[in-house]
Every structure is written in C-alpha cells, then in structure tokens.
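*Asks:* Need the 3D shape of this:
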Amino acid sequence: STNKNMPLLGGLLLVFSALEGGHALVAPPSSTRLQHNRSSGNDVIRPTLPFNVNSGVVPHNNWIERQQPPSRVYHSTCVRKSNIALRSSATSSSDATSATQETEAPISITMIVGIASALVGYFYCKCLKIGFNLLWRQFPNSNLSKAIPSSKHILCMMTLGGAIVATLSTLFFPTLFSAHDYVHVLSKESDGSDDTKNKMDKFPGVKYMFPLLGLSLITSISGFSLGPEAPMVGAGSLVGVNLGRRYIKSKEKSGDSSGIDVSKLEETLAYAGAAGALTGALNFPLAGPIFALEFTSRRAGLAGAAGENWNAVMMASLAGMAVIRGLLVPTAHVGGHFTYSAKAAIGVLHGREMVLAGLGMGVCGAVAGTCFHKTVSFLKSAIWRKNESSKAVVIGKKVLLAMLIGYISTLFPQTMFWGEPSMQCMVDGQCTPFSATPHGIPAAMMQAAIVNPNQPFASGSAALQVGLAKFSAIALASAAKFPGGVIFPLLSNGASL
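*Replies:* As a prediction, this is how the structure comes out:
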C-alpha cells in the first residue's frame, strides 16, 4: 500500500480478506499472535507476521509452513474455522503435547460493535450541531435573549453551562466513566494477577454511557475548549464491552462458550468500540483506530494489548464508516477539512523552510505539551483538596472557574469550543473569518474581542495572544474537571502558537 501510494488499499484488502478468507491478515496464525515456546524450559516470545518485505501478503498455508515448526502446523480444519474470526491468540507447547488457547473476536461481533459505536458517534455529533445552533444562533435572536447584552452573551452562556455541568456531575454523577478510565484499565499489561485478569470488570454497564455523553454535550455546546474525542473513546468502549458481554451470554446459553477468554474478548471489543465511535463522530476511518490504540500507551508506541488488537479495531472502524458514509450521508463530500492557499497571512513555505519550520515546531510543540501537563497538575493541586467534603464548595469552585473561562472567551472568542471546525482560521492566519466557520458566532457577541476574530492577524503577536488565551482556557477547563477531551483543543492551540 505504501509503495503503491494507495492508502485505501490496505483497508480494502483487510475487508476483502476478512470476508473471503483469502490471506493471512485475518486468519490464524494471526498477525497478532505471540508464540510462547516453553519446550526448552525458557519463555521465548516470538512475534510473527503474515507477510515479508519482499513478497507482501502470503497465503495461509504457505505462511504457516514457513513460520511454524513441523510439530505446530495447523490442520486445514483449523484454518477453515479461523477464516471467519479476528483473533488474538497465544500458543503454548511442551515436549509431549501442544495446545492452543485462542480468544476469538468473530468478524460478525466486531463489525456489529463498529457499526453500533459509529452510530453513537454520528448521532452525538448531530446533537452537538443542533445544540450549537440553538444556543449560539437561534437563541440570540429570540425575545428571551434581549435581557442579555450581546457583549455579555458568551460570559453568561458559559457560566450557565458550567453551573449545570458542575451541579449534575457533583450531585448525581460523581464517578462518571471517562476516557481516563479507558486508559487506566487497558494500559495494564496482563501478568496473571487477579488485578489484571479481572480488569475488564471495571467497565460499567452501557447505561453509564448516557451521563458521559450528556454532560460532555453540555460542556462542548456551552463553548468550553474541550473536544468530543475523549467522550467518544469512553462511550465507544462501553458499547464494545457490553455488546461483548451479551455475545458471551448468548454463547453460554448455547453451551458453546468453552475456551473463550472473556477478559481478552472484552478488551478487544473495547478498542473496537472506541475506534468505531471516533470514526462515526469525526470521520476518522484510519486515524480513529490508531488514536484508540495509541491512547492506552503512556509512552511512545503501542501498549502490548493494543498491538494485538489492531486487526479487529480496523475492521470495526471500516464497518462503521461503510454504514455512516454509505447509508446515512451518502452524498457528503469526501476530503480534508482545511484549505491551504497562497493568500494566507502566514505566507507560503518551500523546501528547506518547511523542513526547518517542521523541526522547530516539533520542538516547540513538545515544550507546549509538557507545559500544559505541568500547568494542569499545578492548577488541580491548587484548586482541589484531596478529600473535598462539601459538595456546595465543589460546585462553587467549578462555577467560578467556568465564569473565568467565559471571561477569557469574551476577550478571545477564538478560544471557544474545541477548535477543529474553526482551525481553518489558524491555517490561513484568519483570512477566513471566525464567523464563517462551523463554530462561528454572530459578530455582535465579539465586540469585546482584543484580537478581532473576523480580520486577518495583524502580526505574529496577535496570533501569540490567541494561542496563550487558548492554552489558559483549555488548562482551566481541564483542571476544573469538566468532561471533554483536550487533544483537539491542543492541536488548535498549537496551530495558533
């Protein structure tokens, strides 16, 4: 795919291989298998791949004979059975016998998880758009809004939204499931202990998805600089895990559940659900799966479990995308979000300039990201005590922080929302007016803006002011524990800086 410069070929090959069972991408010995060889008394973990650099994808039988010693050649019946499953498996052997314990993620349940979670993401974004239009475009023109000066609309709406979220989250949903829980659970490597063996039990029932989606909707619609990517990961993983539990129960009723590693199957479907929700919400058929897999690693690269489940995650994402783009929005434009043109106030970069700019911005981005983490940690330690007993105090602190964020957004409206729909303004130096973007608000609400959002940046310092204001708004919202993601907002923040 890379050599041919055809990025969609890999995805299509994966789909056709899954449906047709023609190649080893989706049939065991899986590309995700780690073989544990104990015949010598020592544990040797040897990853195997279904292809090599020179010859590409290798058919099942040839690859099995090439990669497996004679004592471990899979019989044709095993190969035929495996053509309909995405697997993460481990093979153990001894001098006398060899046995295979496999965890199956059948294509049917993987695709169902991808479609279901993609639909959750799709309708979540529909609700975002409806809420935005109601609060920021229709309500300002209604009679109810006449009591609020246009210049104070941003401050009032963000303070009110923050108060609603603070009250609901503190009084009714103090243990809201979030993307943090997704990362915390799935980042634990299985070591045989009870804590890791039963780690998937920490995923609650699917009903806990609704307060997560509802509170994050209010947060984002109110204008806070927090994105939908984290709620999508949390909600999608809950969909995947709970559909997996239903599948396991159906197997138990039919007496066909022997040999299934329940925890491993739920883990696979948690990743698949997260990828499907991201794909449905944000149109990320390739970046969504990578995002969902990388999210659980606290360092560069993938966590061990994430690397084992890439095939199921890709299948879920592609299935979700096929339903969303093929059935629900069949005529929607296919392409990127942003327009790059020579009219941009930042000018045009060539060759060496682009390389040097890329290196410099990479370093600056790393510094900004590190400063963000340090700032949020400092703010949390300064704002919250370990055992905050009074719920009224908690609500009061959140409301005050919401008011402060609203004041920052009144002075710098560019800091509102998570920034991805309005990042075109940063791409072309605000040659595109903020009011013309999907998250643009009426110019009357932006009268107090220090840097006019509807005019090109007059200088680099103007863009820097917007970047610093955006940084402050994201850090405060995150420290205040409002639900939402910080990755999209930080991308937008990096663009302005």
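*Asks:* Tell me where the model's unsure across the stretch 1-150 of the chain.
*Replies:* Within the stretch 1-150 of the chain, the segments meeting pLDDT under 70 span 1-104.
*Asks:* give me the number of residues near Val329?
*Replies:* 11 (other Cβ atoms under 10 Å). No exception for glycine: its C-beta is placed from N, CA and C like everyone else's.
*Asks:* For it, give its distance to Tyr407.
*Replies:* Taking Cβ to Cβ, to the nearest Å as the measure, Val329 and Tyr407 are separated by 38 Å.
*Asks:* just Ser117 next, same as before
*Replies:* From Ser117 to Tyr407 the distance is 37 Å (Cβ to Cβ).
*Asks:* These two: who's more crowded?
*Replies:* Ser117 (34 against 16).
*Asks:* Would you mind listing the buried residues in the top helix by length along the chain?
*Replies:* Longest helix of the chain, by residue count under DSSP state H: helix 351-383. By 16 or more other Cβ atoms under 10 Å, the buried positions in helix 351-383 come out as Ala368, Phe372, Thr375, Val376, Leu379, Ile383.
*Asks:* Mind picking the two most distant members of these?
*Replies:* Greatest spatial distance in the buried residues of helix 351-383: Ala368 and Ile383, 21.8 Å, computed using Cβ to Cβ.
*Asks:* where does the stretch 201-350 of the chain have low pLDDT?
*Replies:* 300, 333-350.
*Asks:* go with 80
*Replies:* In the predicted model, the stretch 201-350 of the chain carries pLDDT under 80 at residues 256-259, 284, 298-305, 332-350.
*Asks:* ok, now the stretch 351-497 of the chain?
*Replies:* Using pLDDT under 80, the flagged stretches of the stretch 351-497 of the chain are 351-354, 386-389.
*Asks:* Show me the helices in it, by range?
*Replies:* Assigned by DSSP state H, counting those that start in this stretch, the helices in the stretch 351-497 of the chain fall at 351-383, 391-411, 424-427, 460-479, 487-496.
*Asks:* Ok, which of those helices comes nearest Ala316?
*Replies:* helix 487-496 (20.3 Å).
*Asks:* what's the closest one packed up against?
*Replies:* When contacts are defined as 3 or more Cβ pairs under 8 Å, 6 or more residues apart in numbering; DSSP states H and E, helix 487-496 packs onto helix 229-253, helix 351-383, helix 424-427, helix 460-479.
*Asks:* could you dump the ones you listed to CSV with distance to Val451?
*Replies:* Listed next are those as CSV, based on distance: least, Cβ to Cβ, whole Å:
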stretch, distance to Val451
helix 229-253, 27
helix 351-383, 19
helix 424-427, 11
helix 460-479, 5
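*Asks:* Nearest to Gly162, out of the ones you listed?
*Replies:* Across the helices and strands packed on helix 487-496 (criterion: Cβ to Cβ), the nearest stretch is helix 460-479, sitting at 8.8 Å.
*Asks:* Could you list the buried residues of that closest one?
*Replies:* 462-463, 465-467, 469-479.
*Asks:* Measure how that helix sits relative to helix 351-383, angle-wise.
*Replies:* 40 degrees (axes from the mean of the first three to the mean of the last three Cα atoms, to 10 degrees).
*Asks:* List the contacts of helix 460-479.
*Replies:* 219, 224-226, 368, 371-372, 375-376, 379-380, 383, 401, 404-405, 408-409, 411-412, 414-415, 419, 426, 429, 450-451, 457, 484, 486, 489-490, 492-493, 496-497 (Cβ atoms under 8 Å, 6 or more residues apart in numbering).
*Asks:* which secondary structure element contains Ala105?
*Replies:* Assessed by DSSP states H and E, Ala105 sits inside strand 98-106.
*Asks:* In terms of secondary structure, what does whatever helix or strand comes next after that strand contact?
*Replies:* Using DSSP H and E, the next helix or strand after strand 98-106 towards the C-terminus is helix 107-133. Helix 107-133 makes packing contacts with strand 85-93, helix 209-221, helix 229-253, helix 262-282, helix 310-323 when contacts are defined by 3+ Cβ pairs under 8 Å, 6+ apart.
*Asks:* Single out the most deeply packed of those.
*Replies:* Neighbour counts (mean count of other Cβ atoms under 10 Å) averaged over each of those peak at helix 262-282, with a mean of 30.
*Asks:* what's downstream of that helix, the next helix or strand?
*Replies:* Following helix 262-282 in sequence, per DSSP H and E, is helix 287-294.
*Asks:* just to revisit the earlier point, now that we have the contacts of helix 460-479, which of them are buried?
*Replies:* Buried among the contacts of helix 460-479 (16+ other Cβ under 10 Å): 219, 224-226, 368, 372, 375-376, 379, 383, 401, 404-405, 408-409, 411-412, 414-415, 419, 426, 429, 451, 457, 484, 486, 489-490, 492-493, 496-497.
*Asks:* out of the helices and strands packed on helix 107-133, which comes closest to Asp201?
*Replies:* helix 262-282 (8.3 Å).
*Asks:* tell me the angle that closest one makes with helix 310-323.
*Replies:* 40 degrees.
*Asks:* Convert helix 262-282 to PDB, retaining C-alpha atoms only.
*Replies:* Below are the C-alpha coordinates for helix 262-282, written out as PDB (Å, rounded to 0.1, in the frame of the first residue of the first chain):
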ATOM      1  CA  VAL A 262     -13.800 -13.400  28.400                       C
ATOM      2  CA  SER A 263     -11.500 -10.700  29.600                       C
ATOM      3  CA  LYS A 264      -9.500 -10.700  26.400                       C
ATOM      4  CA  LEU A 265     -12.500 -10.600  24.200                       C
ATOM      5  CA  GLU A 266     -14.000  -7.700  26.100                       C
ATOM      6  CA  GLU A 267     -10.600  -5.900  25.800                       C
ATOM      7  CA  THR A 268     -10.600  -6.400  22.000                       C
ATOM      8  CA  LEU A 269     -14.100  -5.000  21.700                       C
ATOM      9  CA  ALA A 270     -13.400  -2.100  23.900                       C
ATOM     10  CA  TYR A 271     -10.700  -1.000  21.500                       C
ATOM     11  CA  ALA A 272     -13.000  -1.700  18.500                       C
ATOM     12  CA  GLY A 273     -15.800   0.300  20.100                       C
ATOM     13  CA  ALA A 274     -13.600   3.300  20.700                       C
ATOM     14  CA  ALA A 275     -12.300   3.300  17.100                       C
ATOM     15  CA  GLY A 276     -15.900   3.000  15.800                       C
ATOM     16  CA  ALA A 277     -17.200   5.900  17.800                       C
ATOM     17  CA  LEU A 278     -14.300   8.100  16.700                       C
ATOM     18  CA  THR A 279     -14.900   7.100  13.100                       C
ATOM     19  CA  GLY A 280     -18.600   7.800  13.200                       C
ATOM     20  CA  ALA A 281     -18.300  11.100  15.000                       C
ATOM     21  CA  LEU A 282     -15.200  12.600  13.400                       C
END
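*Asks:* No further questions, thank you.
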